[in-house]
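> after the sequence you'll find the predicted model.
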Amino acid sequence: MNQQNQHIGYIMIISGATLWGLSGPMIQWLFQHSSISSIDFLVFRLLLAGIFLLLYLSFSKKQIFEIWKYPGHRFQLILFGVIGMLGAQYFFIETINVSNAVTAMLFQFFAPILITIYVSIQIKQLPTARQFISIVIALIGLYFLITNGSYQNILLTKQGIIFGLLTMLGFTFYTIQPVSLIKKWGVILVVGWGMLIAGVFSFLLNLNLSIQSFIESLTITTTVMLLGVIISGTLSFLLYIGSLKYLSPSETSILSSIEPLVAIIISITWLNESFGYYQLVGGLFIIIAVVALTTPKKSKYEN
């Protein structure tokens, strides 16, 4: 791979991670300045993003309905949409709603730790020394994030902790469950259908949603912000996927660690959020642990 392509990959993943880091505070601002509920927001976000991705594939001459011809894949896709996509997105959004964007991002970022533990159990093999140390560092970071260094002075609300932990589990399932589907059909198709299925299911759970009332509750500013959240979230995903053409998965994982850092900077400077010293240290510990897990071990044959 030539250096120019590598630079393109760096630009794409850094841009995508920045947009995703920005989308969290944007969602938090939207909840603070409108009466939109989490489930109402999810209905519009998932439906619009899912339709956009599937239209993108359709215009690219992809057979987007082919996956539905296989009963086993059809079941896995529905399971991914209803539990994986909707679960991860809902818990993430609700964590933002009851706490803040940075907390939600850090809980989400913890998912690779759970995946490492899951894989170790699945293959019945203890984690390596580096994995074990990373897990311990991440758990210490999670403790600091929740308690700010003292269990007698927990800063997060009970709801924030519960939804945060569910966010971790949701993104773990979201990452693990569709692996076989993605290998067969590609990421964009699986995620596009997953978003559309999740959007339809969330609408069925929220039949009281009035589109007219929803639109009337929006101002020009909140409408722009809502569209900005949907566009930035979708673009961040496409840039992340696109970067995999030029970079290895480990490189993209490492560079995507700027997501929570961007969220922290934006939250402090724009939303005037304040965080405890140990909370920030805890966030840094989680980021370090995930980077250590995703950094490939250098072969002894490499110079």
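Great, that's in hand. Residues are numbered from 1 along each chain as shown.
> from here on, contacts and neighbour counts on C-alpha atoms
Fine.
> who's in contact with the spatially most central residue of the chain?
Residue closest to the average C-alpha location in the chain (C-alpha atoms, centre = their mean): residue 108, at 6.0 Å. Taking C-alpha atoms under 8 Å, 6 or more residues apart in numbering, we find residue 108 in contact with 92, 164, 167, 168, 171.
> tell me the spacing between the third one and residue 97.
What it means is residue 167. Applying C-alpha to C-alpha, to the nearest Å, the value for residue 167 to residue 97 is 13 Å.
> more crowded one of those two?
residue 167 (29 against 22; other C-alpha atoms under 10 Å).
> go ahead and confirm that one touches residue 105.
No. Taking contacts as C-alpha atoms under 8 Å, residue 167 lies outside contact range of residue 105: 9.2 Å.
> list residues touching both of the two?
residue 92.
> next structured bit after the host helix or strand of residue 241?
Using DSSP states H and E, residue 241 sits in helix 220-243. Per DSSP H and E, the first helix or strand lying C-terminal to helix 220-243 is helix 249-255.
> show me which residues of that next one are buried.
Residues of helix 249-255 classed as buried: 249, 251, 252, 253, 254 (neighbour count, 16 or more other C-alpha atoms under 10 Å).
> how about TSV for those residues, with pLDDT and distance to residue 60 added?
Formatted as TSV, the buried residues of helix 249-255 follow (pLDDT from 0 to 100; distance: C-alpha to C-alpha, whole Å):
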residue	pLDDT	distance to residue 60
249	67	24
251	75	27
252	78	25
253	71	27
254	77	30
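> pick the one among those closest to residue 144.
residue 254 (22.2 Å; C-alpha to C-alpha).
> excluding its backbone neighbours, what's nearest the closest one?
Distance criterion C-alpha to C-alpha, 6 or more residues apart in numbering; nearest residue to residue 254, sequence neighbours excluded, is residue 291 at 5.3 Å.
> next up, the contacts around residue 28.
With C-alpha under 8 Å, 6+ apart as the criterion, the residues that contact residue 28 are 96, 97, 100, 101.
> whoops, I mixed them up, residue 69
By C-alpha under 8 Å, 6+ apart, residue 69 has no neighbours at all.
> state the pLDDT value of it.
pLDDT recorded at residue 69 is 94.
> in stretch 67-76, what's buried?
Of all the residues in stretch 67-76, those buried under the rule 16+ other C-alpha under 10 Å are 67, 73.
> end to end on that stretch, go ahead and measure it.
From start residue to end residue, stretch 67-76 stretches across 10 Å - C-alpha to C-alpha.
> ok, back up a step: need the buried residues of helix 249-255 in a markdown table (columns: distance to residue 140).
Formatted as a markdown table, the buried residues of helix 249-255 follow (distance: C-alpha to C-alpha, whole Å):
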| residue | distance to residue 140 |
| --- | --- |
| 249 | 26 |
| 251 | 25 |
| 252 | 25 |
| 253 | 21 |
| 254 | 20 |
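> could you pull up the mean pLDDT of the helix or strand hosting residue 5?
Take DSSP H and E as the rule and residue 5 turns out to sit in helix 3-32. What helix 3-32 shows for mean pLDDT is 90.
> how about the residue nearest to residue 74 when sequence neighbours are not counted, secondary structure?
Distances taken as C-alpha to C-alpha, 6+ apart place residue 68 nearest to residue 74, at 5.3 Å, with adjacent residues excluded. Of the three states, residue 68 takes helix under DSSP: H, G, I helix; E, B strand; the rest coil.
> one step back: list the buried residues for the helix holding residue 5?
By neighbour count on 16+ other C-alpha under 10 Å, the buried set for helix 3-32 is 6, 9-10, 12-31.
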